[in-house]
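**Student:** Fold the following and give me the result.
(2 chains)
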Amino acid sequence: MIRYDYHGTGFAGWQEKLDHYEPAFLLKLFRDMLRIRIIEEEIERRYFQDHMKSPIHLVIGQEATSVGACAALTRADLLYASHRTHGNYLAKGGDLKAMLCEMHCRINGCVGSRGGSMHLMDKSVGMAGSSAIVAGVVPIATGTAFAAQMQDESYVTTVFLGDAATEEGSVSEALNFAALKQLPIIYFCENNFYSVQSPLHTRQPKREIYKWAASYGMPSVLVDGTNVLAVYEAMQEAVARAKQGGGPTFIESPVYRFRAHGGAGDDSKTGYRDIAEREAWEKACPIETYFAFLKSAGLIDEQARKVMAGEIMAETMEAFDFALRSPKPTEADLYTHVYAD
Amino acid sequence: MPWDEGLVNSLVYDAPDPKEGRVLGYAKAVNEALEIALKQDPSVFVFGQGVDDPTAMFGVTKDLQDKFGEKRVFDSPLSEEGMMGVSTGAAMNGMRPVFMHNRPDFILLAFNQLVTHAAKMHYMDNGLTKVPMVVWAAIGRGWGSGAQHSQAIQGLLLGVPGLKIVMPSTPYDAKGLMLSAILDNNPVLVFEHRWLMKKDGIVPEGFYRVPLGKGIYRRRGKDVTIVGASHALELGLQAANKLAAEGIDAEVIDLRTIKPLDEEIIAESLKKTGRLVVVDTGWSMGGVCAEIGCLAAEKWFDSLKAPVRRIGLPDIPHPAGYTLEQFFYPDVKRISQTIRELVHQ
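**Tutor:** This next block holds a predicted model:
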């Protein structure tokens, strides 16, 4: 039984908007999504070799939200992630080698092997924080936007959260404060319908999350999370609003994870969701639908995609080799940075 | 609340000698520290529910909003976890928040942000992110406050790496420690005690700091070491002064901060006295008393002439009623009796 179906319309009607965009920009969005997919698949393929001693939460199926959102941000804008960090980190410009080193528990990981997959951070590219506690970063991101407002800084803060995070009290508290102070922040909610294996309807009444968020007193929109351009445009509008002092925005983006909540492979066969549901969403795959769209516009073909994939694969292999050759931390590294000077 | 005022006004403390310097009340000393910090550094802001109330949180935040404006001194929504996260996020990005709570009990709603996020961010980001923030609350013992408005929760936080915990006992320390807490680049909890709010002391004008992690001798003696902080230490000191008349010469150490803990000063004193009494405003089990008692057993066993005694709260929730409170809280009489037993053992 398909409980949560795809209700979007893909790229129907988007042909006429193509003129608004530079082809290079459109292709970059595709490449960025494909890159995340290929890297994630390689992580998954190697996971059982056990060199990556880290829990993983793959973003396969959810590439358009990270890429579309980050395309509307500058390096100076800040991004906070949940536990599902890989897509956010890579799309924000995080260093692949530092990410894989982190997942391989190496000292040159992006946070020195203190975080692993769930805690990727890189201040140099505005990947400001991530938390393994659902909704943990939502108030923190709100405080970040408050700091920006107080210091008259022009950067915008975006925080990714899942559908289950909206059940946490601290998200209500954060939305209330952001609306009260008109903070320059975007709450980007990826609604993938499952919190680990708990379906949305056992956790929330029948209502739409974005409408619930609107009741806090901020513009709130529903955007197809499989459509990278729709995500980008919604984010662009929200970023412009925030930068002009117009306050916060909430974006709900329905999307589907093609894999289990955590670990490698899909776990639909355990019965908590129907495999047919995943298959229905795979037809709306953010990468394949966008590829078909670009191809029909004559911007890409199979050959060009193959070349692109080859380059990404080479980069990925090199990064894995680098991680496996990288030094491990020593005992002395355990004791540093408990307190700041 | 008149009963509240009546209680705190009825407490008797030794009056400071005005010849030694300027005499100032405890709450005013903290108020002065906040004013200096707000004046010195534009990144400091003070917030929490009630900071602009007419009662001004015991007077601690009095006039600050008038002086520094609603942007830097403001009332907040009643959202403890959310606001602790806001404070953390602001601290991670260039600000120095001071988040005020009337009672520590309310900080329990914010443990996720405090314990799992603020305390860990610096470590988790491999030293790149700093979280310079102060979380302030006054322990609300007495007059019906009961199980949910009297708790002293420092013991619950003592074992959390990355936090610092300050517990002043004098107006001088309250000001100097607050300034140190605000200037520190870590999350620092400042637990005051409501019963100290009307205590007077010698408080210098202007800026000065009392270092975090350093205890101080309040009384020199050779028979027994009394160690603790905040109001419990005040009671311990009163007991020590009383016992002097009986020929018991107690040494009294005010820890000032319980995390980081000044182990050296306790070890030094214990080497001399051989007897240790730990006093605390919180529960004895698993808290300050338990930790220092364990350190004595583990590190200073050779110095001990007698078993360590803990004078904290029993493993019981705080009662609200006045009569039950008299059985629940240690007082000077009971502290004195414990010390007597220990010394004459």
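
**Student:** Going by C-alpha atoms from here, please, whenever you check contacts or count neighbours.
**Tutor:** Noted.

**Student:** Next to chain A in this structure, residues from the stretch 1-150 of chain B, please.
**Tutor:** B:43, B:71, B:77, B:79, B:81-95, B:112-113, B:117, B:120, B:122-128, B:130 (Cα under 8 Å from any Cα of the partner chain).

**Student:** ok, is stretch A:323-339 in contact with chain B or not?
**Tutor:** Yes. Using Cα under 8 Å from any Cα, stretch A:323-339 reaches chain B at A:336, A:337, A:338, A:339.

**Student:** Filter these down to the buried ones.
**Tutor:** A:337, A:338, A:339 (16 or more other Cα atoms under 10 Å in any protein chain shown).

**Student:** quick revisit: take the residues of the stretch 1-150 of chain B next to chain A and keep only those in helices.
**Tutor:** B:81-92, B:122-124 (DSSP state H).

**Student:** for the stretch 201-345 of chain B, what are the low-confidence residue spans?
**Tutor:** Nowhere does the stretch 201-345 of chain B drop to pLDDT under 70.

**Student:** That one: strands as residue ranges?
**Tutor:** Using DSSP state E, counting those that start in this stretch, the strands of the stretch 201-345 of chain B run over B:216-219, B:224-228, B:250-254, B:257-259, B:276-283, B:309-313.

**Student:** same deal with the stretch 151-300 of chain A?
**Tutor:** Using DSSP E, counting those that start in this stretch, strands in the stretch 151-300 of chain A cover A:157-162, A:185-191, A:194-195, A:198-199, A:220-222, A:249-254.

**Student:** Could you check which residue of the stretch 201-345 of chain B lies nearest chain A?
**Tutor:** Residue of the stretch 201-345 of chain B nearest chain A, by Cα to the nearest Cα: residue B:260 (10.4 Å).

**Student:** Domain map for chain B?
**Tutor:** Domain assignment for chain B by automatic domain parsing gives B:2-202, B:216-343.

**Student:** and the last one, how far from the chain's centre?
**Tutor:** Read it as domain B:216-343. Remark: domain B:216-343 is offset 15 Å from the chain centroid, using Cα atoms, centre = their mean, to the nearest Å.

**Student:** Endpoints of it, how far apart?
**Tutor:** Terminal residues of domain B:216-343 are spaced 23 Å apart (Cα to Cα, to the nearest Å).

**Student:** same deal with stretch B:158-165?
**Tutor:** 8 Å.

**Student:** From the chain's centre, how far out is it? Work that out for me.
**Tutor:** 14 Å.

**Student:** just to revisit the earlier point, let me know which of the strands of the stretch 201-345 of chain B is tucked in deepest.
**Tutor:** Comparing the strands of the stretch 201-345 of chain B by mean neighbour count (mean count of other Cα atoms under 10 Å in any protein chain shown), strand B:224-228 comes out on top with a mean of 30.

**Student:** strand partners of it, parallel vs antiparallel please.
**Tutor:** Applying DSSP bridges, strand B:224-228 is found paired with strand B:250-254 (parallel), strand B:276-283 (parallel).

**Student:** Just give the nearest non-adjacent residue to whichever residue of the stretch 51-200 of chain A sits closest to chain B, would you?
**Tutor:** Distances between the stretch 51-200 of chain A and chain B by Cα to the nearest Cα are smallest at residue A:143, namely 3.5 Å. Residue nearest to residue A:143 in three dimensions, not counting chain neighbours: residue B:86, with 3.5 Å by Cα to Cα, 6 or more residues apart in numbering or on different chains.

**Student:** re earlier: can you redo the strands of the stretch 201-345 of chain B as a markdown table with distance to residue B:193?
**Tutor:** What follows is those, written out as a markdown table (distance: least, Cα to Cα, whole Å):
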| stretch | distance to residue B:193 |
| --- | --- |
| strand B:216-219 | 18 |
| strand B:224-228 | 13 |
| strand B:250-254 | 15 |
| strand B:257-259 | 14 |
| strand B:276-283 | 9 |
| strand B:309-313 | 15 |
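
**Student:** Mind checking the ones you listed for the one nearest to residue B:319?
**Tutor:** strand B:309-313 (11.5 Å; Cα to Cα).

**Student:** quick one, helices of chain A?
**Tutor:** Under DSSP H, chain A gives helices at A:23-46, A:63-71, A:86-91, A:96-103, A:137-150, A:169-181, A:209-214, A:228-243, A:275-282, A:286-296, A:302-325, A:331-334.

**Student:** right, so of these, which gets closest to residue B:15?
**Tutor:** Of all these, helix A:137-150 comes closest under Cα to Cα, at 42.8 Å.

**Student:** Taking strand A:157-162 as reference, get the angle to that closest one.
**Tutor:** 170 degrees (axes from the mean of the first three to the mean of the last three Cα atoms, to 10 degrees).

**Student:** quick check: mean pLDDT across helix A:137-150?
**Tutor:** In this model, helix A:137-150 has an average pLDDT of 98.

**Student:** about what we covered before: got a list of what the residue of the stretch 51-200 of chain A closest to chain B touches?
**Tutor:** Applying Cα atoms under 8 Å, 6 or more residues apart in numbering or on different chains, we find residue A:143 in contact with B:85, B:86, B:87, B:88, B:89, B:90.

**Student:** Enumerate every residue touching the fifth one.
**Tutor:** In this case it means residue B:89. A:139, A:140, A:141, A:142, A:143, A:144, A:147.

**Student:** need those residues in a markdown table with distance to residue B:13, can you?
**Tutor:** Below are those laid out as a markdown table (distance: Cα to Cα, whole Å):
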| residue | distance to residue B:13 |
| --- | --- |
| A:139 | 43 |
| A:140 | 42 |
| A:141 | 46 |
| A:142 | 44 |
| A:143 | 41 |
| A:144 | 44 |
| A:147 | 42 |
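
**Student:** Of those, just say which sits nearest to residue A:310.
**Tutor:** When the contacts of residue B:89 are compared against residue A:310 (criterion: Cα to Cα), the nearest one is residue A:141, at 36.8 Å.

**Student:** number of nearby residues for that closest one?
**Tutor:** 33 (other Cα atoms under 10 Å in any protein chain shown).

**Student:** Also residue B:24?
**Tutor:** Residues near residue B:24, counting by other Cα under 10 Å: 20.

**Student:** re earlier: export the helices of chain A to CSV and append columns for distance to residue B:241.
**Tutor:** Output for the helices of chain A, formatted as CSV (distance: least, Cα to Cα, whole Å):
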stretch, distance to residue B:241
helix A:23-46, 69
helix A:63-71, 67
helix A:86-91, 62
helix A:96-103, 58
helix A:137-150, 48
helix A:169-181, 49
helix A:209-214, 61
helix A:228-243, 62
helix A:275-282, 76
helix A:286-296, 77
helix A:302-325, 65
helix A:331-334, 46
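
**Student:** between those, which one is nearest to residue B:190?
**Tutor:** It is, among the helices of chain A and with distance given as Cα to Cα, helix A:137-150, at 20.9 Å.

**Student:** got the CA positions of that closest one in CSV?
**Tutor:** This file holds the C-alpha atoms of helix A:137-150, laid out as CSV (Å, rounded to 0.1, in the frame of the first residue of the first chain):
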residue,chain,number,x,y,z
VAL,A,137,20.2,22.7,16.0
VAL,A,138,16.9,24.4,15.4
PRO,A,139,17.1,26.8,18.4
ILE,A,140,20.8,27.1,17.9
ALA,A,141,20.3,28.3,14.3
THR,A,142,17.7,30.7,15.6
GLY,A,143,20.2,32.1,18.1
THR,A,144,22.7,32.4,15.2
ALA,A,145,20.2,34.5,13.2
PHE,A,146,19.6,36.5,16.4
ALA,A,147,23.4,37.2,16.6
ALA,A,148,23.4,38.2,13.0
GLN,A,149,20.6,40.6,13.6
MET,A,150,22.2,42.1,16.7
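
**Student:** got the contact list for residue B:273?
**Tutor:** So residue B:273 contacts B:221, B:222, B:223, B:224, B:225 (Cα under 8 Å, 6+ apart).

**Student:** And the closest residue to the second one other than its chain neighbours, how far from residue B:250?
**Tutor:** This points to residue B:222. Nearest residue to residue B:222 in three dimensions, chain neighbours excluded: residue B:273, at 5.0 Å (Cα to Cα, 6+ apart). For residue B:273, the distance to residue B:250 equals 8 Å [Cα to Cα].
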